[in-house]
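[1] Got a predicted structure here, sequence first:
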Amino acid sequence: MPDPILVTPIDGGPLKLDNVRDAHFCGAPIDVESTVWLCRCGNSANAPFCDGSHRKSDWEGACTPAPQKAIVAWEGQRIRTRFNPTACMHVFLCKPLKELRALELEDDGEAGAEAAREIARVVSTCPSGALTYTLKTEVDVSLPERGPSIDIIEGGEVRIQAPFSGVPLMDGQPADTATLCRCGLSKNKPYCDGRHKGRKGFR
């Protein structure tokens, strides 16, 4: 098994990722060595890579995790979900869950089982790991294939989709799913909290 990706946010500087095997930026593969230095201040002219721009600004790069908010649990007949609002970066891929949960609870047959399968699929698309699930009964679940181990979103976050280490995990966060800030604005560094949406011109 390959070594986990080692995540090291440099104090006041870039994000260092070791043991990187594959990476995409803006949906396309990029050439990477085992070690990658990514911009964390959001000012690099060579995005997504660091070009030293953090030295020319008053950017605050300290990693200051946000206070842990209460975990929200939901119990279905066949599946339970767990939501950590501290880890959420608000991409809203979870919108279908309200309707699916209602169906899963009210239907004892195949429609309810299908709703449980779809709940698992939706939860598995959560890029930050804020949503997780546990099956309570035997349900065949077919999950979508994961993308590259490092997926850097244009105008957005760094998505880690492989085992990683080096930074503290938030409560209940999977050790193979995370979204990291690269716009410089997050109040939950090194994790993304969605604030890149308010930064104009950020690539």
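    In hand now; what should we look at? Numbers count the residues shown, from 1 in each chain.
[2] Show me the strands in the protein, by range?
    All strands of the chain, identified by DSSP state E, fall at 5-9, 15-18, 23-25, 28-29, 36-38, 72-75, 79-83, 131-135, 150-152, 158-160, 164-165, 178-180.
[3] residues in contact with the second one?
    Just to be clear, that refers to strand 15-18. Strand 15-18 has contacts (C-beta atoms under 8 Å, 6 or more residues apart in numbering) with 5-10, 34-40, 50, 150, 158, 180, 182, 190. Every residue, glycine included, has its C-beta placed from N, CA and C.
[4] Buried ones from those residues, can you make that a PyMOL selection?
    Applied in PyMOL, the following selects the buried portion of the contacts of strand 15-18 according to 16 or more other C-beta atoms under 10 Å:
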select buried, resi 5+6+7+8+9+36+37+38+39+40+50+150+158+180+182+190
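[5] quick one on the thing from earlier: could I get the strands of the chain as CSV with distance to Ala113 and mean pLDDT?
    Formatted as CSV, the strands of the chain follow (distance: least, C-beta to C-beta, whole Å; pLDDT from 0 to 100):
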stretch, distance to Ala113, mean pLDDT
strand 5-9, 35, 97
strand 15-18, 40, 97
strand 23-25, 34, 97
strand 28-29, 38, 96
strand 36-38, 42, 97
strand 72-75, 16, 98
strand 79-83, 10, 97
strand 131-135, 11, 96
strand 150-152, 31, 97
strand 158-160, 30, 98
strand 164-165, 33, 98
strand 178-180, 31, 98
